[in-house]
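[1] next one to model:
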Amino acid sequence: MKIALLGLPKSGKTTIFNALTRGNASTDKYAPPAHEANVGVVQVLDERITRLSELYKPKKTIYAHIEYRDYPGIFSSRAENPDNALFSDIKACEGFALVLRAFADEELDGLYGPADPLRQLGEFEDEMIISDLIVAEKRLEKIELGYKRGVKTPAIQFEEKVLRASCEHLQDNLPLRGLQLYPEEEKVLRGFRFFSQNPLLVLINVSEDEYTAHDDLKTQIAARGHTVEVIAGRFEEELSKLDEEEAAAFMEDMGIGESIRDRLTHLCYKMLGYLSFFTVGEDEVRAWTITRGDNAVTAAGKIHSDLARGFIRAECFKYDDLIAHGSEKALREKGLFRLEGKEYLVQDGDIISIRFNV
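    Now for the predicted structure:
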């Protein structure tokens, strides 16, 4: 999955990016704005894949991964000449992580105003809504022009209806992620990749000594419907450079149970409604990521398009059952292997083998 790290200039996005990826991108507050995203790929270190690899001893073990893309602070009413190429790149990401500056800094306060996370969140949402409204209204203008030329199919009329409902929602200053849509309506909007339709994870970036001082702010942001986490970005960046033993000691002192990498992995999966299923064997043990509610054919297509095209059955068993009983043979003897059809909804932790014929 691709996650965009966004926010106002100098909010600490790149510091958090470095903490996530163990990278060394420049975080100098006097540096000019970047012109492209920093990109880093992080393995999702799922203990279940580690256990399966120990059991099957495959030639390859492949964990799921998250690609974090750290974008310049271009989403601001103060930004000059927003880069359309960057906007398009951001739209290709599946979810947004918005970094809000909650730490004090006299120079940054002078340039960008006091560290007011609620104001920053409001500005960001406004920019997303305005951008989406412009796109929707331009498309409606083209539809109207097409009507005058005699182009008026049922599909275009349906698209117009959905876009007008979307515009009304946006004009009420509401993001599209809160608009209730039927599947066929959601399909119409999918191609536009509207910013405000994407799920949003809010990261409150604080100083180390204020890590536990923002519970009220966290509650206020959560009340707006956002997944939210408090992060001491600079501390986490320093932590990412330590070995495991040293890092564990510092996290204990701060009252942090998991590193930022692990915490954000869980939050991103939750935000996007993702789950993991596994394929196993002597050649490869691998984790695959799909959306909760996806069926067996969708899972088969994730592995290879031929498996979806020629799908016959999915042979399934559960990771927990395998660990509890020790072998596939024991699962077969206990009747814990299942053959599932096309409409089976894949569950987190399913181990799947696809029977197919092309």
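
[2] outline the domain layout of the chain.
    2-115+198-271, 126-196, 293-356 (automatic domain parsing).

[3] dead centre of this protein: give me the residue that sits there.
    For the chain, the residue sitting closest to the mean C-alpha position, by Cα atoms, centre = their mean, is Gly95 at 3.6 Å.

[4] now do the strands in the stretch 1-150 of the chain.
    2-6, 38-43, 60-62, 65-70, 95-101 (DSSP state E, counting those that start in this stretch).

[5] so can I have a markdown table of these showing distance to Leu189 and mean pLDDT?
    C-betas here are computed from N, CA, C, even on glycine. Output for these, formatted as a markdown table (distance: least, Cβ to Cβ, whole Å; pLDDT from 0 to 100):
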| stretch | distance to Leu189 | mean pLDDT |
| --- | --- | --- |
| strand 2-6 | 19 | 94 |
| strand 38-43 | 27 | 93 |
| strand 60-62 | 33 | 96 |
| strand 65-70 | 23 | 95 |
| strand 95-101 | 16 | 94 |
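
[6] circling back to that earlier point, contact partners for the residue nearest to the centre of the chain?
    Met1, Lys2, Ile3, Ala4, Asn198, Pro199, Leu200, Leu201, Cys268, Met271, Leu272 (Cβ atoms under 8 Å, 6 or more residues apart in numbering).

[7] thought the second one was touching Lys91?
    In this case it means Lys2. No: the criterion here is Cβ atoms under 8 Å, and Lys2 misses it with Lys91 at 10.5 Å.

[8] read off the pLDDT value for Arg78.
    Per-residue pLDDT puts Arg78 at 47.

[9] helix or strand right after the helix ranked longest in the chain?
    Determined from DSSP state H, the single longest helix within the chain is helix 117-148. Using DSSP states H and E, the next helix or strand after helix 117-148 towards the C-terminus is helix 154-171.

[10] convert the C-alpha atoms of that next one to PDB, please.
    C-alpha atoms of helix 154-171 as PDB (Å, rounded to 0.1, in the frame of the first residue of the first chain):
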ATOM      1  CA  PRO A 154     -28.000   7.100 -19.300                       C
ATOM      2  CA  ALA A 155     -24.500   6.600 -18.000                       C
ATOM      3  CA  ILE A 156     -23.600  10.300 -18.300                       C
ATOM      4  CA  GLN A 157     -26.900  11.300 -16.700                       C
ATOM      5  CA  PHE A 158     -26.100   9.000 -13.700                       C
ATOM      6  CA  GLU A 159     -22.600  10.400 -13.500                       C
ATOM      7  CA  GLU A 160     -24.100  13.900 -13.500                       C
ATOM      8  CA  LYS A 161     -26.500  13.000 -10.600                       C
ATOM      9  CA  VAL A 162     -23.700  11.600  -8.500                       C
ATOM     10  CA  LEU A 163     -21.400  14.600  -9.200                       C
ATOM     11  CA  ARG A 164     -24.200  17.100  -8.300                       C
ATOM     12  CA  ALA A 165     -24.800  15.300  -5.000                       C
ATOM     13  CA  SER A 166     -21.000  15.400  -4.400                       C
ATOM     14  CA  CYS A 167     -20.800  19.100  -5.100                       C
ATOM     15  CA  GLU A 168     -23.700  19.800  -2.700                       C
ATOM     16  CA  HIS A 169     -21.800  17.800   0.000                       C
ATOM     17  CA  LEU A 170     -18.600  19.700  -0.700                       C
ATOM     18  CA  GLN A 171     -20.300  23.100  -0.700                       C
END
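
[11] which neighbouring elements make contact with the following helix or strand past that helix?
    Moving toward the C-terminus from helix 154-171, the first helix or strand encountered (DSSP H and E) is helix 183-190. On a contact count with 3 or more Cβ pairs under 8 Å, 6 or more residues apart in numbering; DSSP states H and E, helix 183-190 meets helix 154-171.

[12] list of residues touching the helix it packs on?
    Against helix 154-171 from outside (Cβ under 8 Å, 6+ apart): 129, 132-133, 136-137, 139-140, 143, 146, 176, 178-179, 181, 184-185, 188-189, 194, 196.

[13] drop anything exposed from those residues.
    Neighbour counting with 16 or more other Cβ atoms under 10 Å marks 129, 132-133, 136, 139-140, 143, 176, 179, 185, 188-189, 194, 196 as buried within the contacts of helix 154-171.

[14] I appreciate the help and will end here.
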